[in-house]
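Visitor: my questions concern the predicted model and sequence given below.
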Amino acid sequence: MKWRRGTVFALAALAAGARPALSATTDYRPLAREILAQMVTTDTTHAHGSTELAKAIAARALAAGYAPADVQVLAPADHPTKGNVVIRLRGKGLSKPLLVIGHLDVVEADPRNWSVAPFKLTEKDGYLYGRGTQDMKGDDALLLTEATRLKREGYRPDRDIIFAFTADEEAGGDANGMQWLLAHHRDLVDAGFSINQDGQGGQMRDGKLLFLGVETSEKLYVTFELETTDRGGHSSVPRPDNAIYQLVDGLKRIQGFTFPARTTATTRAFFKAYATTQAGQVRADMLRVAGGDLDAGAVKRLSADPELNATLRTTCVATVVHGGEGESALPQRARATIQCRLLPGETPQDVRATLAKVLDDPGIRMSMDGPIDPSPETRPSPAVLARYRAAAAGLYPDPLVIPDLEVGASDSVYTREAGLPSYVASTVFIDQDDHREHGRDERIRASAFNTGVTYVDRLVRAMSAKD
């Protein structure tokens, strides 16, 4: 069927045909595995886009019994390969809808660096390998399985459930699906709150659940470019003024600078909960910080862990450096890229002013790579966190739910900016020492994926209950 850019794809004909009647006791694990295999096989890197997969998801939703009006495939007119699909399960209307989101795109994968084919689902030694299994087609497959299950079982939730599978969250970012849907099709995704599977979630060790992390806020990134220039000359006649040395001196000053520690409602709740898993000095330090006491000793000890350091403060780091024109020429230009991750409540302008003071050199010109959107914090809701805990209970003993700050980024930055309280947690629990998202031989435990079929069903049903 013809794809019409910027409009709803005509999918009604795909709904034809009988559907098997499935009971509440049906084993949905084979379906989930089938969907995951299809998703991994479909290349959704930035160069290929997500429209092909969005159409395939829509076809499955129609085959499950959704009305064509409740299955929308849309893409920006100027980015037709960046397709999104929105599926709505109609409820009783007792509360505002629940928005469940997951992105379809993945980062590149060079087959030469993998021990298995990256764009084919491979099961080996109890793991499922393939690009996107962790980030985040494993979760997408579980969500589509759940959308299918609820429709086939005739489930009618207290509120509408909106499943949004979106484009361009990863590298590229020129047609981010969640941002575009909120800007141009707000009626399709407007909700009371959102859950996003693109986050930490359950952290495992040796098959045991350590804790379930639920992200209620995230850092934003802003990129600065530093540049120095000089008149150059021949390398046989060096001078004290040198564009590369000048830039390096500035970078060393940034390296030696540490932003002050600060806590938020999320990070205080995080340290309070995480402390229960620790002992001795670490436990004492976490409890102290959780209480709002940023004791210098406690902060210094906790900051020795890079992840805890990133939780406690804004960070800036050099990521790219270019300089010089040739081996026999004094450099006329040197450039460096600095990427900063900001705690909620801080602005790029604040960070830029701080970096200017740290550099302390008007000869180092600094520019900012575009504006960034604010990311208001979703205050951790005990009621919502309790629903996560209830969904995991029984599958894992005594699940500990910890509110968390995302030090990377997710599409929940857009839902929060739009005024939707947003919670982020993967439904595929990952070994804490086996995070391979964006890396080679990306994989998930087959057992964790199978358990996720039950977990996501419990979670979506719990979250769709009325307020």
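Guide: Ah, there it is.

Visitor: where does the residue nearest to Gln134 when sequence neighbours are not counted land in three-state SS?
Guide: Excluding the flanking residues, the one nearest Gln134 by C-beta to C-beta, 6 or more residues apart in numbering is Glu437, at 4.4 Å. Every C-beta, even on glycine, is put in place using the N, C-alpha and C of the backbone. Secondary structure assignment for Glu437 (DSSP: H, G, I helix; E, B strand; the rest coil): coil.

Visitor: which parts of stretch 358-374 are buried?
Guide: 358-359, 361, 364, 366, 368, 372 (16 or more other C-beta atoms under 10 Å).

Visitor: got it, and stretch 57-65?
Guide: Applying 16+ other C-beta under 10 Å to stretch 57-65 flags 57-64 as buried.

Visitor: same check on stretch 203-220?
Guide: 203-204, 209-220.

Visitor: and for stretch 230-248?
Guide: Buried, per 16+ other C-beta under 10 Å, within stretch 230-248: 230, 232, 242-244, 246-248.

Visitor: so for it, mean pLDDT?
Guide: Averaged over stretch 230-248, pLDDT sits at 95.

Visitor: in the chain, where is pLDDT below threshold?
Guide: In the predicted model of the chain, residues 1-24, 171-173, 370-373 satisfy pLDDT under 70.

Visitor: could you look up the SS state of the most centrally placed residue in it?
Guide: Centroid-nearest residue in the chain: Ser410, 3.3 Å away (criterion: C-alpha atoms, centre = their mean). Put simply, Ser410 is coil when judged by three-state DSSP.

Visitor: Asn309 against Val299, yeah?
Guide: No - using C-beta atoms under 8 Å, Asn309 is not in contact with Val299, being 9.2 Å away.

Visitor: pick out whichever of the two has more residues nearby.
Guide: For the pair Asn309 and Val299, the greater number of neighbours falls to Val299 (21 against 18), based on other C-beta atoms under 10 Å.

Visitor: check the gap between the more buried one and Ile195 for me.
Guide: Applying C-beta to C-beta, to the nearest Å, the value for Val299 to Ile195 is 32 Å.

Visitor: now Ser367. Nearest residue, chain neighbours left out?
Guide: Nearest residue to Ser367, sequence neighbours excluded (C-beta to C-beta, 6+ apart): Glu225, at 4.9 Å.

Visitor: show me the beta-bridge partners of the one you found.
Guide: Going by DSSP bridges, Glu225 is paired in beta bridges with Thr337, Ser367.

Visitor: what is the neighbour count of it?
Guide: Number of residues near Glu225 (other C-beta under 10 Å) recorded here: 14.

Visitor: what do you get for Asp174?
Guide: 10.

Visitor: next up, the contacts around it.
Guide: Going by C-beta atoms under 8 Å, 6 or more residues apart in numbering, Asp174 touches 79, 82, 168.

Visitor: now these in JSON lines, with neighbour count and distance to Tyr127?
Guide: Formatted as JSON lines, the contacts of Asp174 follow (neighbours: other C-beta atoms under 10 Å; distance: C-beta to C-beta, whole Å):
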{"residue": "His79", "neighbour count": "20", "distance to Tyr127": "34"}
{"residue": "Lys82", "neighbour count": "26", "distance to Tyr127": "30"}
{"residue": "Asp168", "neighbour count": "28", "distance to Tyr127": "28"}
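
Visitor: redo these as JSON lines? Include distance to Ser95.
Guide: Shown next, in JSON lines, are the contacts of Asp174 (distance: C-beta to C-beta, whole Å):
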{"residue": "His79", "distance to Ser95": "34"}
{"residue": "Lys82", "distance to Ser95": "31"}
{"residue": "Asp168", "distance to Ser95": "30"}
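
Visitor: and which of the residues you listed is nearest to Leu36?
Guide: Asp168 (20.9 Å; C-beta to C-beta).

Visitor: gap between that closest one and Thr81?
Guide: Distance of Asp168 to Thr81, computed by C-beta to C-beta: 10 Å.

Visitor: between the two, what contacts are shared?
Guide: Ser50.

Visitor: hey, which helix is longest across the protein?
Guide: helix 446-463 (DSSP state H).

Visitor: ok, and what's touching that helix?
Guide: 28-29, 32-33, 36, 98, 100, 123, 126-128, 138-139, 141-143, 145-146, 149-150, 155, 157, 161, 195, 202, 204, 207, 384, 387-388, 390-392, 395, 427-430.

Visitor: just the buried residues out of the residues you listed, in PyMOL syntax.
Guide: Per 16+ other C-beta under 10 Å, the buried members of the contacts of helix 446-463 correspond to this PyMOL selection:
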select buried, resi 28+29+32+33+36+98+100+127+128+138+139+141+142+143+145+146+149+150+155+157+161+195+202+204+384+387+388+391+392+427+428+429+430
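
Visitor: so which residues of the stretch 1-150 of the chain form strands?
Guide: 71-74, 84-89, 98-103, 122-124, 127-129 (DSSP state E, counting those that start in this stretch).

Visitor: actually the stretch 251-400 of the chain, sorry about that
Guide: Here the stretch 251-400 of the chain has its strands, by DSSP E, counting those that start in this stretch, at 315-323, 329-330, 333-342, 365-368.

Visitor: other SSEs contacting the last one?
Guide: Secondary-structure packing of strand 365-368 (3 or more C-beta pairs under 8 Å, 6 or more residues apart in numbering; DSSP states H and E): strand 220-229, helix 348-359.

Visitor: coming back round to it: quick check: buried residues in the longest helix of the chain?
Guide: 446, 448-461, 463.

Visitor: direction-wise, compare it with strand 84-89 and give the angle.
Guide: Between the axes of helix 446-463 and strand 84-89, defined by axes from the mean of the first three to the mean of the last three C-alpha atoms, to 10 degrees, the angle is 60 degrees.

Visitor: quick one, helix 446-463 and strand 98-103 angle?
Guide: Comparing the axes of helix 446-463 and strand 98-103 via the same axes, to 10 degrees yields an angle of 150 degrees.

Visitor: chain center to helix 446-463: distance?
Guide: Relative to the centre of its chain, helix 446-463 is centred 19 Å away, using C-alpha atoms, centre = their mean, to the nearest Å.

Visitor: likewise for stretch 353-365?
Guide: Centroid separation between stretch 353-365 and its chain, computed with C-alpha atoms, centre = their mean, is 32 Å.

Visitor: I would like the residues contacting it, please.
Guide: Residues outside stretch 353-365 that contact it (C-beta under 8 Å, 6+ apart): 224, 226-229, 246-247, 249-250, 253-254, 257, 259, 316, 338, 340, 366.

Visitor: apply 10 Å and report the result again.
Guide: With C-beta atoms under 10 Å, 6 or more residues apart in numbering as the test, stretch 353-365 has contacts from 224-230, 241, 243, 246-247, 249-251, 253-257, 259-260, 314, 316, 334-336, 338, 340, 346-347, 366, 368.

Visitor: understood, closing this out.
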